[in-house]
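have a look; sequence and predicted model below, questions after that.
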Amino acid sequence: MDRKVAVITGSASGIGKACLERLLSQGVEVFALDRDEVALARLKAASEGKPLHTVVVDIGSEESVRSSIEQISKVTSRIDYLINSAGIDHLDRIAECSFSDWRRILSVNLDGTFLMCQAVVRKMIAQRSGRIVNVASWLAKAGMAGHGPYAASKFGIVGLTQSLAKEVADLGITVNSVCPGPVEHTQMRAEADTQSLARGLSTAKDRLHLIPMGRMAVPDDVAGVILFLLSDDAAYMTGQAINVTGGLWMN
Ligand SMILES: NC(=O)c1ccc[n+]([C@@H]2O[C@H](COP(=O)([O-])OP(=O)(O)OC[C@H]3O[C@@H](n4cnc5c(N)ncnc54)[C@H](O)[C@@H]3O)[C@@H](O)[C@H]2O)c1
C-alpha cells in the first residue's frame, strides 16, 4: 500500500510537533510547515532518514501558502491528512486592543486556516478522500477576558470547519476541529502567561482549580485525539469540535 502523506502546520513546536512525531513513527510521509526556520532545521537534522520534508511558511500570507503548496506538489501529488496547528495569541482587553493586533491574530489563526484548508481540500476533492483536523481551542466555545481576538479567531475556525465538512462530506473527506484547554510545554502557553502577568490578567496556573483532572494538557494529550480523527475508526465523524480539556469544558 502507498505511504500516507500528511501536511502539518505549526509542526516545529507543541501540538503540531507531537502529531509529527506520532505520524513519522507510523511511517507516514510528513510535510512539516512552520515559520520557525531554525526549529524546522533542528527537526530535519533529528529525523534520521525518516520521510520528513520541512517547508518554511507564514500561513497568514496568501503568497507564502501558495508557494509552500507548490513546493509540496513537486514531491507528491496526493495529501491524505492536513493538520492545521499553527496559531498565535495576543493578550489585551478589547478596549485596549489595537486594530493591527486584532488583524494579526485573525490573519494567522483564521485566514491561515482558511488558506491551508482551501489549498489542500482542492487536492482532496480531486482524489476523493482526505482528513482535515483544525486545532481550535476551548475558547472556540466560550470567550475569556483578555483573549478577544484569539477567541473570535477560534470560534471562526469552528464555523469554517463545519461549513467545509458539509461541502465535502459526500466525497469521503472529513473535517473536524479539536478544542484543547490550556496545554503546557508549548511556546504559546509560556508567551500567553507572560503577557497575562504584564496586563494583570489571570494565568493558566491561576485557573488550574477549574480543571476537574487537576492538570493542564501536554501536547501528546491533544495529538492522540487528532490521530484518532485521522484514523479509519473516525470515518463517520465530521464537522465536530472535540473538547480536550480534562473536563474544563463539557459543551
Ligand atoms: N498551548 C495552549 O494552551 C493551547 C490551548 C488551546 C489551543 N491551542 C492551539 O494549539 C495550536 C498549537 O499551539 P501550541 O500550543 O502547540 O503552541 P506553540 O506555540 O508551541 O506552537 C505553535 C507553532 O505555530 C507556529 N506558527 C505561529 N505562527 C505561524 C505562522 N504565521 N505561520 C506558520 N507557523 C506559525 C510557531 O512557530 C509554532 O511552531 C494553536 O492553534 C493554538 O491556538 C493551544
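Great, that's in hand. Please read all numbers here as calculations on a predicted model, not as lab measurements.

for the rest of this, base every contact and every neighbour count on C-alpha atoms.
Fine.

can you count the residues close to the nearest residue to Gln127 once chain neighbours are set aside?
Distances taken as CA to CA, 6 or more residues apart in numbering place Arg78 nearest to Gln127, at 7.3 Å, with adjacent residues excluded. Each residue near Arg78 was counted by other CA atoms under 10 Å, and the total is 18.

so Arg78, which state does it fall into?
coil (DSSP: H, G, I helix; E, B strand; the rest coil).

is it true that it touches Ala126?
No - using CA atoms under 8 Å, Arg78 makes no contact with Ala126, being 9.2 Å away.

before we move on, the earlier item: enumerate every residue touching the residue nearest to Gln127.
The contact partners of Arg78, by CA atoms under 8 Å, 6 or more residues apart in numbering, come to Val5, Lys123, Met124, Gln127.

for the residues you listed, which one is nearest the ligand?
The nearest member of the contacts of Arg78 to the ligand, counting by CA to the nearest ligand atom, is Val5 at 19.0 Å.

next up, phi/psi of that closest one, please.
When read as degrees, to the nearest 10, the backbone of Val5 gives phi -120, psi 130.

enumerate the beta-bridge partners assigned to it.
Here Val5 sits in beta bridges with Glu29, as judged by DSSP bridges.

ChimeraX command to pick out the buried ones of the contacts of Arg78?
Entered in ChimeraX, the line below selects the buried ones among the contacts of Arg78, by 16 or more other CA atoms under 10 Å:
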select :5,123,124,127
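
from the contacts of Arg78, which is closest to Leu160?
Met124 (16.6 Å; CA to CA).

that closest one in helix, strand or coil?
Met124 - assigned by three-state DSSP - is helix.

measure it to Leu171 for me?
Here Met124 is placed at a distance of 9 Å from Leu171 (CA to CA, to the nearest Å).

what sits in contact with each of these two?
Contacts common to Met124 and Leu171, judged by CA under 8 Å, 6+ apart, are absent.

which residues are in contact with stretch 63-70?
With CA under 8 Å, 6+ apart as the test, stretch 63-70 has contacts from Val55, Val56, Val57, Asp58, Ile59, Leu115, Met116, Ala119.

out of those residues, which sit inside strands?
Those of those mapping onto strands are Val55, Val56, per DSSP state E.

with neighbour count added, can I get the contacts of stretch 63-70 in JSON lines?
Shown next, in JSON lines, are these (neighbours: other CA atoms under 10 Å):
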{"residue": "Val55", "neighbour count": "21"}
{"residue": "Val56", "neighbour count": "19"}
{"residue": "Val57", "neighbour count": "22"}
{"residue": "Asp58", "neighbour count": "20"}
{"residue": "Ile59", "neighbour count": "29"}
{"residue": "Leu115", "neighbour count": "19"}
{"residue": "Met116", "neighbour count": "23"}
{"residue": "Ala119", "neighbour count": "13"}
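
which stretches of this protein have low pLDDT?
1 (pLDDT under 70).

need the phi and psi values for Ile181.
No Ile there; residue 181 is Gly. phi -80, psi -160.

and it, how many neighbours?
23.

let me know whether stretch 184-193 sits next to the ligand.
Yes - Stretch 184-193 is in contact with the ligand by CA under 6 Å from any ligand atom, via Thr186, Gln187, Met188, Arg189.

repeat that for stretch 139-147.
No - using CA under 6 Å from any ligand atom, we find that stretch 139-147 stays clear of the ligand, coming within 7.4 Å at best.

same check, this time on stretch 14-24
Yes - Stretch 14-24 is in contact with the ligand by CA under 6 Å from any ligand atom, via Gly14, Ile15, Gly16.

neighbours around the first one, how many?
When you say that, I think you mean Gly14. Gly14 has 23 nearby residues by other CA under 10 Å.

still on that earlier bit, out of the residues of stretch 14-24 next to the ligand, the closest to Pro212 would be?
Distances from Pro212 to those, taken by CA to CA, are shortest for Ile15, at 21.6 Å.
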